[in-house]
Each structure stands twice: as C-alpha cells, then as structure tokens.
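In: Pasting a predicted model and its sequence here:
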Amino acid sequence: MSRESELRPMDAEQLREQAHKMVDFIADYYKTIENFPVLSQVEPGYLGKLLPDSAPDHPESLQDILNDVQEKIMPGVTHWQSPNFFAYFPSNGSIAGFLGEMLSAALNIVGFSWITSPAATELEMIALDWLAKAFQLPDHFYSTGKGQGGGVIQGTASEAVLVVLLAARDKMLTRVGKSALSKLVMYASDQTHSSLLKACQIGGLNPELCRLLRTDPSTNYALSPDVLCEAISDDIASGLIPFFLCATVGTTSSTAVDPLSSLGKIAKSNGIWFHVDAAYAGSACVCPEYRHHIDGVEEADSFNMNAHKWFLTNFDCSLLWVQDRNALIESLSTNPEYLKNKASQGNLVTDYKDWQIPLGRRFRSLKLWMVLRLYGLEGLRSHIRSHINLAAHFETLVSQDPRFEVVTPRTFSLVCFRLLPLPNSVDDGNQLNRDLLDSVNSSGHIFITHTVLSGKYILRFAVGTPLTGVRHVDAAWQILQDKASSLLGNS
C-alpha cells in the first residue's frame with residue numbers, strides 16, 4: 001500500500017471501499033462454509049510457524065491481510081456457523097445480527113450510564129420489555145412496570161449468574177451480618193452449568209457449602225424438590241444459612257428441566273434467592289407449545305436466557321431479568337465524582353453500569369432490536385421449531401438402528417445417544433463411544449461433543465445452526481453409521 005493510499009483512522013470513503021471488500025469476503029465465506037472441516041484439524045502452535053514474530057512497521061493492504069486470513073487463519077477456525085456443527089449448544093449468527101453488530105461498531109459508544117448515550121439505555125429497556133412480554137414473564141420483571149425489576153443485557157450466562165449471586169450474597173449478609181459469609185449455602189443440581197461454581201469462587205463462598213444435589217435418570221436428571229428440602233433442613237439444623245438456589249431449564253448434558261414452581265415455593269418459604277438459568281432452552285419458550293417449561297418463573301428472583309445461543313442474535317447477548325433491581329445496584333454500584341451527572345443524581349434514569357461487573361458496555365440492544373424487527377416473533381418461532389423438528393428426525397434415525405440407543409428423552413433440539421457395545425464385549429461402551437467421537441470429529445465432516453451421565457459416556461447431537469437442513473442431519477447420521485460399522489467390525 002502506497003503512502004498516498006494509507007488508511008486514515010476514520011475516513012468515510014475509505015470505510016465504504018474497505019467495508020465492501022470485507023462484506024464480499026464474509027458473503028463468499030458463507031457460500032463456501034461447507035467446504036471447510038467443521039472442527040479445525042491443526043496442531044497446537046501451528047499459527048506461530050506461519051506468521052512473522054513482530055508487527056509490521058509499515059501499512060499492508062487489506063487484500064494481503066484477507067489472503068492471510070484465507071490461507072493461515074481459516075485452517076485454525078472451528079466453524080460454529082457451519083450447517084454440520086452439532087456440538088455444544090448453538091451460537092447463532094444471522095443477517096440481522098450482523099447488521100446490528102455493524103451499526104453498533106460504527107457508533108462505537110461506551111454506554112455505561114444513561115447520559116453516555118440515552119438511546120442505548122432506553123432501547124435496552126424497551127427490547128427486554130418486548131421479550132418479557134413475548135415470554136409471558138411476570139410484571140415484576142419489566143423495566144417500565146410499576147415494580148422494582150427490569151431487564152439488562154449481560155455478556156454471557158456466566159456473568160448473569162455471577163451478578164445475581166453477588167446480589168443475593170450481599171442481601172443476605174446485610175440481614176445476618178458480614179461475618180456469616182462462611183455459613184452461606186448455595187444449592188443447585190449436579191447437572192448445573194460449571195459457571196455457577198466459578199461464580200461461587202469469585203463470590204468468596206465456602207466451597208464445601210456449594211451443594212450440587214444428586215439427580216436421577218428417571219426424571220431426566222432434573223432437580224428433585226424432596227432432595228432440596230432435605231438438604232435445606234439439614235443445613236438449617238447445622239446452623240448454616242441457605243441463601244441461593246439455581247434451577248435450570250435445559251441443562252447442558254441432557255436438557256433437563258427443573259420443576260420451577262415447586263422449587264420456587266421452597267426457596268421463597270426459606271428466604272432463598274431463586275435464579276432460573278434458561279441460557280439454552282429459554283429461546284424455545286417464545287413458542288406457545290414450549291412456554292410451559294418456564295411455568296413457575298413467577299416465583300423467581302432472576303431469570304436468564306442467551307439470545308446469542310438460539311435466537312439469531314450474534315454473540316454476545318445474554319438477557320437477564322431481575323425482580324428487584326435495587327439488590328443488584330446495592331451490590332455492584334460505584335459513584336465516583338467523574339461519573340456524576342444531573343440525570344443520575346436525580347434518580348431519573350437507569351445506569352446499567354450498576355447492574356454488571358465491568359463499567360464499559362457495548363450497544364448490544366441494537367442487534368437484539370434489529371433481530372426482533374427483521375424476523376419478528378413468528379420468524380423466530382419458525383426458526384426454533386425447524387431445529388426441534390430436525391432433532392426429532394435425528395432421534396428417529398437413531399432409534400431405528402438397533403446398534404444405537406437414545407439415552408435420555410429429547411425435549412428440545414438435543415439428542416443424547418450412544419453406540420451399544422457388542423454382546424459379551426469387555427468394554428462397557430465408554431471406550432467404544434470415545435473412539436466413535438474421535439473418528440467422527442477427525443473426519444472434519446461434522447462436529448459433535450459428549451457428556452457423561454450415570455457413568456456412561458454419551459454422545460450429544462445438538463441441532464441449532466441457521467444453515468442446517470434435513471440433508472445435513474441425514475449426512476451426519478450416515479457418517480455416524482459408517483464409523484460405527486468400522487469400529488464394530490474391528491472389535
């Protein structure tokens with residue numbers, strides 16, 4: 001690139017020219033995404049051998065950089081938007097999500113307080129109230145309602161559970177005294193996401209009092225109200241202080257749905273903060289036929305779902321509603337002189353800096369608002385139903401092959417299954433399924449992940465990327481069958 005054509009930090013015409021090239025590159029990527037191995041096949045440290053050991057002294061052209069992206073970066077990318085990605089849970093991208101991200105990047109605001117960009121705060125309140133209505137959440141979760149609650153966008157569900165756990169901790173310690181921190185007890189099922197234990201570590205809780213209560217396969221590993229009651233009673237009798245309960249709608253391993261209504265009543269009767277983690281499956285509850293999975297959410301102090309998982313909103317965008325915003329604010333607020341302003345001091349506005357861990361925050365509501373408008377609730381419902389139907393189709397294929405078994409009932413778009421060992425085999429099937437997973441993923445054609453339930457190594461097939469269709473599911477099943485035949489033939 002010549003000195004005359006060097007990129008200036010901000011030039012409208014250069015932006016137009018370069019952005020067109022980038023959009024073309026991204027569009028071409030999506031046209032050819034199926035040509036890439038879904039799971040990157042590189043070895044650790046591969047990129048350091050391909051790139052220089054220092055930054056360039058002089059500008060380089062965008063085309064040279066894009067060439068390096070194609071030749072050196074792409075081999076190390078695991079393609080989460082590939083229609084053959086069936087691992088973990090989905091992380092949706094969409095045209096609306098891209099456009100929202102693009103506009104957010106263009107405005108590039110740091111919207112920690114209302115005054116830093118009023119539209120960012122007010123649009124977030126409106127968009128989360130729209131979704132509270134779509135999910136039929138109770139009135140106390142609305143930002144514009146008569147209560148003290150409201151919604152806020154966090155980066156991830158890990159951040160959401162951390163801020164509500166800190167709020168619950170401080171609320172309880174205000175009541176019983178700060179010296180009681182070592183006596184606080186947290187409850188969840190043994191299927192709860194590991195981010196909760198990380199939140200407990202950050203919150204300074206006694207790790208021995210973080211109760212992950214046993215679950216049973218007969219209930220698809222949902223948390224039993226009886227088991228919870230027993231644990232709470234034992235802890236109270238021992239002089240401990242129950243303060244936090246996390247229930248899950250759609251656990252990572254098997255999409256178990258904890259009985260919210262029963263658990264919530266137990267929490268309320270014991271003065272325990274009740275948090276509902278619906279990071280994955282919450283999206284499905286926008287469909288009337290799946291809304292019953294969050295029946296009992298009216299008992300909750302907080303409710304979270306990830307719009308970036310299954311709601312066509314690019315990462316990151318985790319939605320958190322709280323019944324009492326003051327609990328968050330009292331735990332997380334700071335008010336230095338350099339951030340004071342008339343609107344905030346007069347309690348006329350919401351300052352989201354006091355609802356989260358960091359000070360800075362991006363204009364994330366922009367992409368959520370654009371998704372809601374460009375697709376509409378019916379478009380989002382159709383998107384979710386299509387994936388659930390594809391998962392049901394895959395479940396049928398598995399159940400028709402006697403060499404395999406479906407391990408847990410399918411509730412949403414995750415199918416848990418395994419290859420059965422041959423009769424009289426010394427292998428209990430765990431090594432066989434490890435080998436199957438490795439064989440499938442090393443092919444590069446599809447990517448799936450695993451879990452362990454009741455000591456069994458289980459394969460997970462999660463349908464959720466926007467480009468996935470019937471042919472991709474059928475092709476994935478054919479690969480699984482072929483690899484299974486090869487393994488069983490060698491047994």
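Out: Great, that's in hand.
In: Could you use CA atoms for every contact and neighbour count after this?
Out: Fine.
In: residues of whichever strand or helix holds Ala120 that come out buried?
Out: Per DSSP states H and E: Ala120 is located in helix 118-134. By neighbour count on 16 or more other CA atoms under 10 Å, the buried set for helix 118-134 is 120-121, 123-129, 131-132.
In: likewise stretch 31-39?
Out: 33-34, 36-39.
In: Also stretch 88-101?
Out: Within stretch 88-101, the residues that qualify as buried are 88-101, counting by 16+ other CA under 10 Å.
In: The strand or helix carrying Phe244: partners in the sheet, and parallel or antiparallel?
Out: Assigned by DSSP H and E, Phe244 falls within strand 241-248. Here strand 241-248 has these sheet partners by DSSP bridges: strand 184-189 (parallel), strand 273-277 (parallel).
In: Give the rounded mean pLDDT of the last one.
Out: Spelled out, it's strand 273-277. The pLDDT scores in strand 273-277 average 98.
In: buried stuff in whatever helix or strand comes next after that strand?
Out: Once the chain leaves strand 273-277, the next helix or strand it forms, by DSSP H and E, is strand 302-306. Residues of strand 302-306 classed as buried: 302-306 (neighbour count, 16+ other CA under 10 Å).
In: try stretch 400-409
Out: For stretch 400-409, burial by neighbour count (16+ other CA under 10 Å) applies to 403-409.
In: What mean pLDDT does that stretch get?
Out: Across stretch 400-409, the average pLDDT comes to 95.
In: where does Gly111 sit relative to Val152, distance-wise?
Out: Here Gly111 is placed at a distance of 12 Å from Val152 (CA to CA, to the nearest Å).
In: same deal with Ser104?
Out: Distance of Ser104 to Val152, computed by CA to CA: 17 Å.
In: Quick one: the helices in the stretch 201-350 of the chain, in order.
Out: Along the stretch 201-350 of the chain, counting by DSSP state H, counting those that start in this stretch, helices occupy 225-237, 260-269, 307-310, 325-332, 342-345.
In: Just the C-alphas of the helix holding Ala120, formatted as PDB.
Out: What follows is helix 118-134 as a C-alpha-only set of coordinates in PDB (Å, rounded to 0.1, in the frame of the first residue of the first chain):
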ATOM      1  CA  PRO A 118     -29.500   7.800  26.200                       C
ATOM      2  CA  ALA A 119     -30.700   5.700  23.300                       C
ATOM      3  CA  ALA A 120     -28.500   2.700  24.300                       C
ATOM      4  CA  THR A 121     -30.100   2.500  27.800                       C
ATOM      5  CA  GLU A 122     -33.600   3.200  26.700                       C
ATOM      6  CA  LEU A 123     -33.600   0.800  23.800                       C
ATOM      7  CA  GLU A 124     -32.200  -1.900  26.000                       C
ATOM      8  CA  MET A 125     -35.100  -1.400  28.500                       C
ATOM      9  CA  ILE A 126     -37.700  -1.500  25.600                       C
ATOM     10  CA  ALA A 127     -36.200  -4.500  23.900                       C
ATOM     11  CA  LEU A 128     -36.100  -6.500  27.100                       C
ATOM     12  CA  ASP A 129     -39.700  -5.500  27.900                       C
ATOM     13  CA  TRP A 130     -40.700  -6.600  24.500                       C
ATOM     14  CA  LEU A 131     -39.200 -10.000  25.200                       C
ATOM     15  CA  ALA A 132     -40.600 -10.200  28.700                       C
ATOM     16  CA  LYS A 133     -44.000  -9.900  27.100                       C
ATOM     17  CA  ALA A 134     -43.200 -12.500  24.400                       C
END
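In: Sweet, I'm off.
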